[in-house]
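Q: A predicted structure for the sequence below; I have some questions about it.
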Amino acid sequence: MITKKASPAGRVIPISLHTMQPDEERKLKILRYSGKVPAMAACGKCQRKFFTPDSLLRDTVAANEYLQVKFGEHVCPGNRNKKFWL
């Protein structure tokens, strides 16, 4: 899913969801692609890895959404009571 915001010059800039995180250190980083499909990602804060299931490796949108959901559900060590939903 992509949202848009206006730049200072009035142009619309697409913003992907993975750049809009509540905690600046906690970002989803795509580490590996299979063609154009994200196959592996990690949390920028705790380095936890997330893998795309084989069944989604041919669907870029579904693979991206799956990684976003798994990232949103995980809790970094030290933040046991916090979940960050996208």
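A: On my side now, so go ahead.
Q: residue ranges of the helices in the chain, please?
A: 60-73 (DSSP state H).
Q: where does it have low pLDDT?
A: 1-24, 79-86 (pLDDT under 70).
Q: Mind doing that once more with 90?
A: Within the chain, the stretches with pLDDT under 90 are 1-26, 76-86.
Q: Strands along that one, start to end?
A: 2-6, 12-16, 28-34, 37-43, 49-51 (DSSP state E).
Q: so what does the shortest one touch, helix or strand wise?
A: Helices and strands in packing contact with strand 49-51 are listed as strand 37-43, helix 60-73; criterion 3 or more C-beta pairs under 8 Å, 6 or more residues apart in numbering; DSSP states H and E. Bear in mind the C-beta positions are built from the backbone N, C-alpha and C, glycine included.
Q: Paired strands for that strand, with orientation please.
A: strand 37-43 (antiparallel) (DSSP bridges).
Q: Output the strand it pairs with as PDB - backbone C-alpha positions only.
A: The C-alpha coordinates for strand 37-43 follow below in PDB (Å, rounded to 0.1, in the frame of the first residue of the first chain):
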ATOM      1  CA  VAL A  37      10.100 -10.100  -4.900                       C
ATOM      2  CA  PRO A  38      11.400  -9.400  -1.400                       C
ATOM      3  CA  ALA A  39      12.600 -12.700   0.000                       C
ATOM      4  CA  MET A  40      14.200 -11.700   3.300                       C
ATOM      5  CA  ALA A  41      14.000  -8.700   5.600                       C
ATOM      6  CA  ALA A  42      15.200  -7.600   9.000                       C
ATOM      7  CA  CYS A  43      14.400  -5.200  11.800                       C
END
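Q: got the angle for it vs strand 28-34?
A: Between strand 37-43 and strand 28-34, the angle comes out at 150 degrees (axes from the mean of the first three to the mean of the last three C-alpha atoms, to 10 degrees).
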